[in-house]
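Q: I need the structure of the sequence given here:
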Amino acid sequence: MGIFDKLFGKKQQQESLDQGLQKTKESFFGKIAKAVAGKSTIDDEVLDSVEDALVGADVGIATTVKIIDQLEKRVARDKYLNTADLNNILKQEIQNLLVTAPQDTAYTNYELPAGHKPHVILVVGVNGVGKTTTIGKLAHNFSQAGKSVLLGAADTFRAAAVDQLTIWSERTNVPIVKKEMGSDPASVAYDTIISGVARNSDVIIIDTAGRLHNKLHLMDELTKIKKVIQKTIPEAPHEVLLVLDGSTGQNALEQAKHFTAATDVTALAITKLDGTAKGGVVIAIADQFKIPVKFIGVGEKATDLLVFDKHDFVNGMFQLG
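A: Numbering: from 1, shown residues only. You can find the predicted model right below:
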């Protein structure tokens, strides 16, 4: 049991996940339940209905084809499979597609990887996906887990981003490094690292500008930020966290393509899953980019930003009530 379990309780986390996935599981699991009603075997009609359910949950065509192919192989191999086996097989195949973070960088709740301090997280993503809110929630949860946190407001091209992060800083009682709008983002990042080292912070979270219209400029800016960070901490940033809005479905996939081309994204945070029936996009993104999903947002509360557990997530998609 991790620190976060003790503070908020595994039960509360599971309830948040179940509530957040309600729309997805009602749509996804409901379609599958209708597909197998009255049937004793998994036939082509059932497989077609499963395919429709996966696509409807925004799992995506490419990933859906992989899952259906595996189902067809299992049906062909195990001649006596029935519809009661379908959910378990689907769970297994979906879990196999979800990437697990390497042990040395995986979080156990909001505990940090061992071996270095501070742990530096560079956060990227387009405007409107919940990037700044996610940073605020991370700050809150790391702080609640007993970690000292410092924020860096390096999205200096948008005044609202600095203001919003400042509000989260005040709300969570976490210090922030910021400059006036239009300042050099790399300068803010550098000052944040220097301050974090001086404060002996456990974790430093740096916001970056949410632009996608010019990938070359984005790449140059992120490269510059990384270089100034590495002047003080050569191995940092330890994570580049890409925030994606799960409710946008396939648009989130397009954003992931752009950002993974522009920088070395190491982890994903997928937000707003509570407001959509298309939570299957988590599966599509993890499968296509082979990048671990570390956090999912399933509500407005700070504690509704959950550390991603693929087993809990998949079980949640198959459980009604």
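
Q: share the number of residues neighbouring the residue nearest to Ile194 when sequence neighbours are not counted, please.
A: Computed as Cβ to Cβ, 6 or more residues apart in numbering, the closest residue to Ile194 that is not its neighbour in sequence is Thr232, at 6.3 Å. The way it works is simple: take the backbone N, C-alpha and C, and place the C-beta from them, glycine included. Counted with other Cβ atoms under 10 Å, the neighbours of Thr232 add up to 13.

Q: one more: Pro234?
A: Neighbours around Pro234, by other Cβ under 10 Å: 7.

Q: kindly report the same for Lys34.
A: By other Cβ under 10 Å, neighbour count at Lys34 equals 11.

Q: need the pLDDT of the residue nearest to Ile194.
A: Note for Thr232: predicted pLDDT of 96.

Q: renumber starting at 41 from here on
A: In the new numbering, first residue 41, that becomes Thr272.

Q: so it sits against Thr232, correct?
A: No. Thr272 lies out of contact with Thr232 (Cβ atoms under 8 Å); the separation is 10.0 Å.

Q: in the protein, which spans are strands?
A: 159-164, 189-193, 216-217, 243-247, 279-285, 307-311, 333-337, 345-347 (DSSP state E).

Q: so which of the ones you listed comes closest to Lys177?
A: With Cβ to Cβ as the criterion, Lys177 lies closest to strand 345-347 of the strands of the chain, at 3.9 Å.

Q: with adjacent residues omitted, what lies nearest to Lys131?
A: Nearest non-adjacent residue to Lys131 (Cβ to Cβ, 6+ apart): Val354, at 5.2 Å.

Q: wait, what's in contact with the one you found?
A: Applying Cβ atoms under 8 Å, 6 or more residues apart in numbering to Val354 gives the contacts 131, 134-135, 138.

Q: I'd like those written out as CSV, with pLDDT, neighbour count and distance to Arg117 added.
A: Formatted as CSV, those follow (pLDDT from 0 to 100; neighbours: other Cβ atoms under 10 Å; distance: Cβ to Cβ, whole Å):
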residue, pLDDT, neighbour count, distance to Arg117
Lys131, 85, 15, 18
Ile134, 87, 25, 19
Gln135, 87, 15, 19
Leu138, 84, 19, 23
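
Q: now tabulate these in a markdown table and tack on distance to Ile107.
A: Formatted as a markdown table, those follow (distance: Cβ to Cβ, whole Å):
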| residue | distance to Ile107 |
| --- | --- |
| Lys131 | 11 |
| Ile134 | 7 |
| Gln135 | 11 |
| Leu138 | 12 |
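
Q: of these, just say which sits nearest to Ala342.
A: Distances from Ala342 to the contacts of Val354, taken by Cβ to Cβ, are shortest for Leu138, at 24.6 Å.

Q: what values do phi and psi take at that closest one?
A: phi -80, psi 130 (degrees, to the nearest 10).

Q: what separation do you get for the nearest residue to it once chain neighbours are set aside and Phe68?
A: Spatial nearest neighbour of Leu138, chain neighbours left out: Lys350 (4.0 Å); criterion: Cβ to Cβ, 6+ apart. Distance check for Lys350 against Phe68: by Cβ to Cβ, to the nearest Å, it reads 16 Å.
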